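J.: The following comprises the amino acid sequence and a computationally predicted model.
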Amino acid sequence: MSDMALPATPNQPRLSLAGHWVSQILLPVAFAAVVLGLWEGLVRWYQVPEVILPPPSVIGARIVSAWPFLLQHSLPTAIEATVGFLIAAAFGIVLSVVLVYSRWAYVALYPNVVFFQLIPKIALAPLFIVWLGIGSSSRLAFSVFIAFFPVVISTLTGLNSTPPDMLRLCKALTAKSWQVFLSVRFPYALPHIFSGLKVAVTFAIIGVIVGEFITAQAGLGYLVLFASSQAETPLILAAIAMLCVVGLVLYGIVAGAERLILKRYGH
Amino acid sequence: MISLRGVRKTYASPAGPVEAVAGVSFDIKEGEFVSILGPSGCGKSTLLMMLAGLEHASAGTIEVAGEPLTGPRRDAGLVFQDATLLPWLSARDNVLFPIKMMRLEREKYVARAEELLRSVGLGDFMDKRPRELSGGMRQRVALCRSLIHEPSIMLMDEPFSALDAITRDEMALVLLDLWARHRKTGVFITHSIREAVLLSDRVLVMTRRPAVVVADVAIPFARPRDESIQDTPEFNAIVAQLRGMIEHSIKAAA
């Protein structure tokens, strides 16, 4: 039983905890700090007008002074992006399942789905306003429209990634197709689905922001547009910083869910 | 008893029909262990899939106990080249996977799964996931999985060919032992002559695609067997005879 004496080797060399801390957290933070420091120094040294490019310290101060205001505008953006993402995820996954299980649906729909992706989707945003009005439904619909495609592509790839021998085994065991889907194909697809969801969550935010640029009376996209009309560059950048936070939090939630689920279903 | 008569398999391809198996006829008796030996890509796997009822023969008949085989047979245990375990399940749950797919009562089979794992030396690894097991251990789990639902036949498609030479020799002994305990009918696809002779009651030699059976050689060693038979002159004589047949068939096909 010689092979039993051999430990299963992990796929990648693991860093020590300290090494992990340095490479994964300290290094990127230090790099960002250096860039911010350079920005601060150069802008002050060359006396760049604030309206062109304020230094990070001024943006920071603006975030503090406008905090309640920023928070108030972050909420609709975050809510609409979340709802848009959830609808896109559900719709994308269901559509992929239909495409995988129905040859007819695949032949009829898939080329059209790909075709729609070739259209520069941002250009369609005004159409959504025409169709659905200036309320949140048009922003949501647009957000779903641009976010669902990565979910479809990654879910399709995932559902087709089951090893053929595993499917043969299931067939030989006369498993029902719902059993194969729930016990084999869907779990096999999860890593792929999550990579699609991580792209989709950032797309969903882009969709909402573009919608807010056009129609909204609230939200961070609206705030960016409003501040630019006032030539309030620190506020523009403060709103963008908030947007980054919203994006990071939403992405973090998806990535966290991925970690949890892949711990259970990981390969 | 499994009977194949004039079994052919032809695939459609853009360049026209491709014949994978060309008129194969042989019988496998109940409890017999038959190896099918032949060069890579000679249609051996296609033949195995037909025996499992997963592929239909384009012509000819396959009968199991006098009944024509028309679809997947639940009484077959399949083992593939790759262990194809579900990465998120423990060794025990992977062994029990067929029970779940066949919608049988899990509790009735847990003890059997554990007994099977213990019999292949994995008693301490039942809760480990595939990534925590070596290649040979994963293939042992796959062997146990093929036996969990008490199939009447084990169909094995080059199950050890992805393993290193030492593990491979060891796995042949694990299979020899497992087969001695369970005495299922066995069909074992391989391109290792020594493995075929060590394990089998009969060795069928197939030619390059399209596959036909060119020799049916009975292996005279008594059971139970162990690795020591590999050092006997009789063993090596049969190996040499089979090698000669394969080389001859390759030259004839060229």
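T.: On my side now, so go ahead.

J.: use CA for all of it now, contacts and neighbours both
T.: Fine.

J.: Would you mind listing what in the stretch 51-200 of chain A touches chain B?
T.: Taking C-alpha under 8 Å from any C-alpha of the partner chain as the contact definition, the stretch 51-200 of chain A meets chain B at A:163, A:165-166, A:168-176, A:179-180, A:184.

J.: From these, which land in helices?
T.: A:165-166, A:168-172, A:179-180 (DSSP state H).

J.: what mean pLDDT does the host helix or strand of residue B:112 have?
T.: Here residue B:112 sits within helix B:107-119, counting by DSSP states H and E. Helix B:107-119 carries an average pLDDT of 96.

J.: just the helices in the stretch 151-267 of chain A please.
T.: For the stretch 151-267 of chain A, applying DSSP state H, counting those that start in this stretch gives helices covering A:164-172, A:177-180, A:186-214, A:220-229, A:233-265.

J.: ok, the longest one near chain B or not?
T.: Yes: judged by C-alpha under 8 Å from any C-alpha, helix A:233-265 comes into contact with chain B at A:264-265.

J.: Show me chain A divided up by domain.
T.: Structural domains annotated on chain A: A:16-48, A:55-265, as defined by automatic domain parsing.

J.: Quick one: end-to-end length of the longest one, please.
T.: Translated: domain A:55-265. 46 Å (C-alpha to C-alpha, to the nearest Å).

J.: Quick one: name whatever helix or strand follows the helix or strand harbouring residue B:204.
T.: According to DSSP H and E, residue B:204 maps onto strand B:202-206. Counting by DSSP H and E, the next helix or strand C-terminal to strand B:202-206 is strand B:213-218.

J.: Just the angle for that following strand relative to strand B:202-206, thanks.
T.: Angle, strand B:213-218 to strand B:202-206, by axes from the mean of the first three to the mean of the last three C-alpha atoms, to 10 degrees: 170 degrees.

J.: tell me which residues in strand B:213-218 are buried?
T.: Of all the residues in strand B:213-218, those buried under the rule 16 or more other C-alpha atoms under 10 Å in any protein chain shown are B:213, B:215-217.

J.: Ok, stretch A:48-67 next?
T.: In stretch A:48-67, counting by 16+ other C-alpha under 10 Å, buried: A:50, A:53-56, A:58-60, A:62-63.

J.: Compute the number of surrounding residues for the closest residue to residue B:199 other than its chain neighbours.
T.: The shortest distance from residue B:199 to any non-neighbouring residue, by C-alpha to C-alpha, 6 or more residues apart in numbering or on different chains, is to residue B:176 (6.1 Å). Look at residue B:176: counted by other C-alpha atoms under 10 Å in any protein chain shown, it has 20 neighbours.

J.: which ones are touching residue B:176?
T.: By C-alpha atoms under 8 Å, 6 or more residues apart in numbering or on different chains, residue B:176 lies in contact with B:199, B:225-226.

J.: Quick test: name the residue nearest the centre of chain B.
T.: Residue closest to the average C-alpha location in chain B (C-alpha atoms, centre = their mean): residue B:156, at 1.9 Å.

J.: just checking, what packs against the host helix or strand of that one?
T.: Using DSSP H and E, residue B:156 sits in strand B:153-157. Contacts defined by 3 or more C-alpha pairs under 8 Å, 6 or more residues apart in numbering or on different chains; DSSP states H and E place strand B:153-157 against helix B:44-51, strand B:76-79, strand B:185-190.

J.: So for the second one, mean pLDDT?
T.: I take that to be strand B:76-79. 94.

J.: That strand - contacts with which helices or strands?
T.: Against strand B:76-79 (3+ C-alpha pairs under 8 Å, 6+ apart) you get helix B:135-147, strand B:153-157.

J.: Run through who's touching that strand.
T.: Around strand B:76-79, the neighbours that count as contacts under C-alpha under 8 Å, 6+ apart are A:169, A:172, B:52, B:142-143, B:145-147, B:149, B:151-157, B:159.

J.: who does it pair up with?
T.: Here strand B:76-79 is paired, per DSSP bridges, with strand B:153-157 (parallel).

J.: can you give me the offset of the partner strand from its chain's centre?
T.: Strand B:153-157 sits 3 Å away from the centroid of its parent chain (C-alpha atoms, centre = their mean, to the nearest Å).

J.: Can you dump the C-alpha atoms of it in CSV for me?
T.: What follows is strand B:153-157, C-alpha atoms only, in CSV (Å, rounded to 0.1, in the frame of the first residue of the first chain):
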residue,chain,number,x,y,z
ILE,B,153,-21.0,-7.3,-13.6
MET,B,154,-18.1,-4.9,-13.2
LEU,B,155,-17.2,-3.0,-16.4
MET,B,156,-13.8,-1.4,-16.1
ASP,B,157,-12.4,0.9,-18.7
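
J.: Now do it: everything it contacts.
T.: For strand B:153-157, contacts defined as C-alpha under 8 Å, 6+ apart pick out B:45, B:48, B:51-52, B:75-81, B:146-147, B:184-190.

J.: for stretch B:188-204, same thing?
T.: Contacts of stretch B:188-204 (C-alpha under 8 Å, 6+ apart): B:32-40, B:44-45, B:48, B:155-159, B:161, B:169, B:172, B:175-176, B:213-221, B:225, B:227, B:229-230, B:235, B:238-239, B:242-243.

J.: Pull the number of nearby residues for residue 181.
T.: Assuming you mean chain A. 17.

J.: The intended chain is chain B.
T.: Neighbours of residue B:181 under the rule other C-alpha under 10 Å: 11.

J.: does it sit in a helix or strand, and which one?
T.: Assigned by DSSP H and E, residue B:181 belongs to helix B:165-182.

J.: Now that helix: buried residues?
T.: Buried residues in helix B:165-182, defined by neighbour count with 16+ other C-alpha under 10 Å: B:167-168, B:170-174, B:176-179.

J.: just the angle between that helix and helix B:107-119, please?
T.: For helix B:165-182 against helix B:107-119, the angle by the same axes, to 10 degrees is 130 degrees.

J.: And helix B:165-182, how far out from the chain middle?
T.: For helix B:165-182, the distance to the chain centre is 12 Å (C-alpha atoms, centre = their mean).

J.: again with stretch A:227-238
T.: Per C-alpha atoms, centre = their mean, the centroid offset for stretch A:227-238 relative to its chain is 26 Å.

J.: What's the end-to-end length of that stretch?
T.: End to end - C-alpha to C-alpha - stretch A:227-238 spans 10 Å.

J.: Report the buried residues of it.
T.: Using 16+ other C-alpha under 10 Å as the test for burial, stretch A:227-238 gives A:227-228, A:232-238.

J.: what's the angle from the helix holding residue B:181 to strand B:185-190?
T.: Compare the direction of helix B:165-182 with that of strand B:185-190 by the same axes, to 10 degrees and you get 170 degrees.
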